[in-house]
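[1] turn this into a structure:
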Amino acid sequence: MTFNDAEKQAAERLIEMALAEDWRDTGDLTCKAVIPADLKGEAVFVSRSLGVAAGLPVVPLVLARAGGHAIFDPFLQDGSQVEKGSVLGRVHGSMAAILSTERITLNFLQRLSGIASQTRKYVDLIADLPVKLLDTRKTTPGWRLLEKYAVRCGGGHNHRMGLHDGVMLKDNHIAALARAGGAGTIAEAVRLVRWKYGKTVPLEVEVDTLDQLDEALTARPDVVLLDNMTLQMLREAVKRRNAVAAGVELEASGGVNVQTLRGIAETGVDRISVGALTHSAPALDIGLDYESRSESEA
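    Have a look, this model is predicted:
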């Protein structure tokens, strides 16, 4: 996998901010003091633990923005499984350029590989079942495109990217509709959305009771999100959906973790959304190991 145009642009914006907070107007004071400008060298990015690689396309973007005096040669692609000791790629050229961008590149690789690894762990738990694992909008501000990219690297699927590309009707929307003088029902809200956008925009309705589910199924959105329902309620929801609205997908959310995921998936829901894929993913331990020989000696 690699970045699309939007993801590349997002990465470049983040790199600009990362360099600005690390270098300010002076650059790397340590390298300027002790590293000769013409000194060449090389180093390899190495995984210290089992996981999934993600974020490798960031490295050449960082090096290019830093002056282009070092080159990155990837040894694998994003989405690849890595073990302890796996080499992700090699960077070579100006030692000052390599040293002054080391922390920034590692921050990107560790964060995105951590999300990809967390996602793969969840995906593997339900790989034999006909259910999709999705992320949420619980992402780091500014990092959404890259974090959702990392979810795909781990085998997961993306929910809507933002408020701009999908409709999700929640209880607060229904309450606000009533406050504005409407009936304050799911059916009314769905009707208004369909009137505004037709079927050009995905429409999802969140419910937390089976009575609300029945109302939502009658209104026929694309997806009904079942919020924090018990396994018994989820099974009943699937039964009711199958009886009256087979074309409506059901999505389970809330209380999903590695201990509960399998049971939720076995209820027959179509989708499971998990905020922890992005908001609670630990960084994958990745280091940059410097080679003892310089590039000119190799």
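[2] where does the protein have low pLDDT?
    Low-confidence segments of the chain, defined by pLDDT under 70: 293-298.
[3] recalculate using a threshold of 80.
    Across the chain, the ranges flagged by pLDDT under 80 are 68, 182, 292-298.
[4] give me the residue at the spatial middle of it.
    Taking CA atoms, centre = their mean as the criterion, K148 is the residue nearest the geometric centre of the chain, at 2.6 Å.
[5] quick one: it is in a helix?
    Yes. Assessed by DSSP: H, G, I helix; E, B strand; the rest coil, K148 belongs to a helix.
[6] C-terminal to the helix ranked longest in the chain, what's the next element?
    Longest helix in the chain by number of residues (criterion: DSSP state H): helix 95-125. The C-terminal neighbour of helix 95-125 among helices and strands, as given by DSSP states H and E, is strand 132-134.
[7] got a list of contacts for that following strand?
    Outside of strand 132-134, the residues within contact range by CB atoms under 8 Å, 6 or more residues apart in numbering are 119, 122-123, 126, 155-159, 251, 270-274, 277. Bear in mind the C-beta positions are built from the backbone N, C-alpha and C, glycine included.
[8] out of those, flag the one nearest to E21.
    Among the contacts of strand 132-134, L277 lies closest to E21 (CB to CB), at 26.4 Å.
[9] helix or strand: which one has the closest one?
    L277 belongs to helix 276-279, assigned by DSSP H and E.
[10] flag every buried residue along that helix.
    Judged by neighbour count (16 or more other CB atoms under 10 Å), helix 276-279 contains these buried residues: A276, L277, T278.
[11] state the distance from the first one to L61.
    Right, the one you point to is A276. 28 Å (CB to CB, to the nearest Å).
[12] how about the last one?
    Between T278 and L61 the computed distance is 21 Å (CB to CB).
[13] same check, this time on V223
    In terms of CB to CB, V223 sits 35 Å off from L61.
[14] got it, and Y149?
    Applying CB to CB to Y149 and L61 gives a distance of 14 Å.
[15] what ranges do the helices span in the stretch 101-250 of the chain?
    For the stretch 101-250 of the chain, the helices defined by DSSP state H, counting those that start in this stretch cover 144-153, 171-179, 186-197, 210-219, 231-244.
[16] what's the most buried one of those?
    Mean neighbour count (mean count of other CB atoms under 10 Å) peaks for helix 144-153 among the helices of the stretch 101-250 of the chain, with a mean of 24.
[17] helices or strands up against it?
    In terms of contacts (3 or more CB pairs under 8 Å, 6 or more residues apart in numbering; DSSP states H and E), helix 144-153 is packed against helix 5-23, helix 95-125, helix 276-279.
[18] name the nearest residue to K148, ignoring sequence neighbours.
    Of all residues not flanking K148 in the chain, N158 sits nearest, at 4.8 Å (CB to CB, 6 or more residues apart in numbering).
[19] pretty sure that neighbour contacts D135?
    Yes. In this structure, N158 is within contact of D135 by CB atoms under 8 Å, at 6.0 Å.
[20] overlap in contacts of those two?
    What both N158 and D135 touch, as defined by CB under 8 Å, 6+ apart, is the set K148, V151.
[21] which one's more surrounded, those two?
    Taking neighbours as other CB atoms under 10 Å, N158 and D135 compare with D135 leading, 28 against 15.
[22] returning to that earlier point: how much space between the residue nearest to K148 and R13?
    In terms of CB to CB, N158 sits 19 Å off from R13.
[23] kindly report the same for A70.
    According to CB to CB, A70 and R13 sit 21 Å apart.
[24] who has more neighbours out of the two?
    A70 (27 against 12).
[25] phi, psi for the spatially closest residue to the more buried one that is not a sequence neighbour please.
    Leaving aside its sequence neighbours, A70 sits nearest to G93 (CB to CB, 6+ apart; 3.4 Å). Main-chain torsions, G93, degrees, to the nearest 10: phi 130, psi -140.
[26] what do you get for I71?
    Reported as degrees, to the nearest 10, the phi and psi values for I71 are phi -120, psi 140.
[27] show me what whichever strand or helix holds V46 is packed up against.
    Following DSSP H and E, the helix or strand that holds V46 is strand 40-47. Counting contacts by 3+ CB pairs under 8 Å, 6+ apart, strand 40-47 packs against strand 87-94, helix 95-125, strand 286-290.
[28] and the second one, what's buried?
    Right, helix 95-125. 95-102, 104-123.
[29] that helix to strand 40-47, inter-axis angle?
    20 degrees (axes from the mean of the first three to the mean of the last three CA atoms, to 10 degrees).
[30] before we move on, what about the last one?
    Taking the same axes, to 10 degrees, strand 286-290 and strand 40-47 form an angle of 150 degrees between their directions.
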